[in-house]
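J.: With the input below, show me the fold.
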Amino acid sequence: MLDSLALARGSIDRAAERREDEAWLAAAWADQSSRVLVIHHGRAPAVIDPDGAGAPGTVALHYVPSLEAPDGGIRVLLAVVDDVTYFGLLLDVAEDAPPEHPGTRWLGLREIGAALGDVDAGVMVAAVALANWHATHPRCPRCGVPTLPTQAGWSRTCPDDESQHFPRSDPAVIVLVRDADDRALLGRRIDWPVSFFSTLAGFVEAGESAEAAVLRELSEEAGVDIDPGALDYLGSQPWPFPSSLMLGYHARLAPGSRVAIPDGVEIEEVRWFTREEMHAACESGELRIPPAVSIARRLIEAWYGGELPGAWSRP
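T.: Numbering: from 1, shown residues only. A predicted model of the protein is given here:
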């Protein structure tokens, strides 16, 4: 199993039992030791250690007390850690971002997720996921009436029919395929630069198991046949862009599989790599692999046999 997935460090206590306790929430918000993370367009203010080289804990989120929080937005309860309450303030994407505090920058999870400490990573992933959900689900799916945030931001309620609606995660499989010679199959999306390659992925369809999705997606995107008895599930990671849950697998080609051919619709190119070929291509700049924040990177490293240099990453 994969460990230390950048966005799956879910050790924070989300304090779900407090979400309907209005008196406790009001007191926690008024408590100036509580921390408020402002989210705007998927970004939060952060401070970067220039000597940290992107290692975990070398970027810190910038929190403010509630008295310094901007007006407006949706207030959400994110966590309670060591008796400190963490709130998110989800600002309307149509409004301008507040000015940056000295020494901070507005940054997103793709840029800093792997460099955050465990608590900051858990807090920001939850905040970004909720911000994306609230922004895209403002109305009741039954009657179209604008809904209201409830349960400390973890649901929305229709004032007309009183139906409650909750955030959902869309399961997707992400797969590194290996052949009989233990080469790895990587693909390049049609909209990526020629050097960008990654593992193959796709959403689980309605009424489909994750394992069936692996077989279907690899057949559709790369034209290969997967041995259904040689699937290794290695772990999952939230990917809140806007609402995916990535289920990571290693898979083996079925004996007699078809030759790998890209579908030409989503995938422009597929290539097999030995470890030596990947090393040479990355060193020359011919190949760039996913960044450390992605579960795709960890699937590749699990096959390669160790952590790979940051210089091999694409932006």
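J.: I'd like the domain boundaries of this protein, if you could list them.
T.: Following automatic domain parsing, one gets these domains for the chain: 16-136, 170-305.
J.: mind putting those domains in JSON lines, mean pLDDT included?
T.: As requested, the domains of the chain are exported to JSON lines (pLDDT from 0 to 100):
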{"stretch": "domain 16-136", "mean pLDDT": "96"}
{"stretch": "domain 170-305", "mean pLDDT": "98"}
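J.: Figure out which of those is closest to residue 158.
T.: Proximity to residue 158 (CB to CB) singles out domain 16-136 among the domains of the chain, at 14.4 Å. Bear in mind the C-beta positions are built from the backbone N, C-alpha and C, glycine included.
J.: Now the terminal residues of the closest one, how far apart.
T.: Terminal residues of domain 16-136 lie 23 Å apart, using CA to CA, to the nearest Å.
J.: cool, and stretch 159-166?
T.: End-to-end span of stretch 159-166 (CA to CA): 15 Å.
J.: Show me what that stretch is in contact with.
T.: Identification of contacts with stretch 159-166 by CB atoms under 8 Å, 6 or more residues apart in numbering yields 137, 140-143, 145, 147-148, 150, 154-158.
J.: In that stretch, which residues are buried?
T.: By 16 or more other CB atoms under 10 Å, the buried positions in stretch 159-166 come out as residue 165.
J.: just to revisit the earlier point, can you lay out the domains of the chain as a markdown table showing mean neighbour count and distance to residue 1?
T.: Output for these, formatted as a markdown table (neighbours: other CB atoms under 10 Å; distance: least, CB to CB, whole Å):
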| stretch | mean neighbour count | distance to residue 1 |
| --- | --- | --- |
| domain 16-136 | 17 | 18 |
| domain 170-305 | 18 | 5 |
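J.: Residue 314 is nearest to which of the ones you listed?
T.: Nearest to residue 314, of those and by CB to CB, is domain 170-305 at 3.8 Å.
J.: if we can go back for a sec, so of the contacts of stretch 159-166, which two are at opposite extremes in space?
T.: Farthest apart among these by CB to CB are 143 and 154. That separation is 21.5 Å.
J.: Now do the SS call for residue 300.
T.: Secondary structure for residue 300, judged by DSSP: H, G, I helix; E, B strand; the rest coil, is helix.
J.: now the closest residue to residue 309 other than its chain neighbours: how far from residue 196?
T.: Using CB to CB, 6 or more residues apart in numbering and skipping residues adjacent in sequence, the residue nearest residue 309 is residue 282, 7.7 Å away. For residue 282, the distance to residue 196 equals 12 Å [CB to CB, to the nearest Å].
J.: same thing with residue 54?
T.: According to CB to CB, residue 54 and residue 196 sit 19 Å apart.
J.: one step back: surely the residue nearest to residue 309 and residue 314 touch.
T.: No: with contact defined as CB atoms under 8 Å, residue 282 does not reach residue 314; the gap is 10.4 Å.
J.: what do the two both touch?
T.: Residues touching both residue 282 and residue 314 (CB under 8 Å, 6+ apart) are 288-289.
J.: any shared contact partners between residue 282 and residue 196?
T.: residue 288.
J.: ok so, going back, make sure the residue nearest to residue 309 is indeed in a strand.
T.: No: counting by three-state DSSP, residue 282 is not part of a strand but helix.
J.: Next, format the domains of the chain as TSV and append distance to residue 164.
T.: Converted to TSV, the domains of the chain look like this (distance: least, CB to CB, whole Å):
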stretch	distance to residue 164
domain 16-136	11
domain 170-305	18
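J.: show me what contacts the residue nearest the centre of the chain?
T.: What sits nearest the mean C-alpha location of the chain, by CA atoms, centre = their mean, is residue 239, with 2.0 Å. Residues counted as contacts of residue 239 (CB under 8 Å, 6+ apart) are 7, 172, 245-246, 295.
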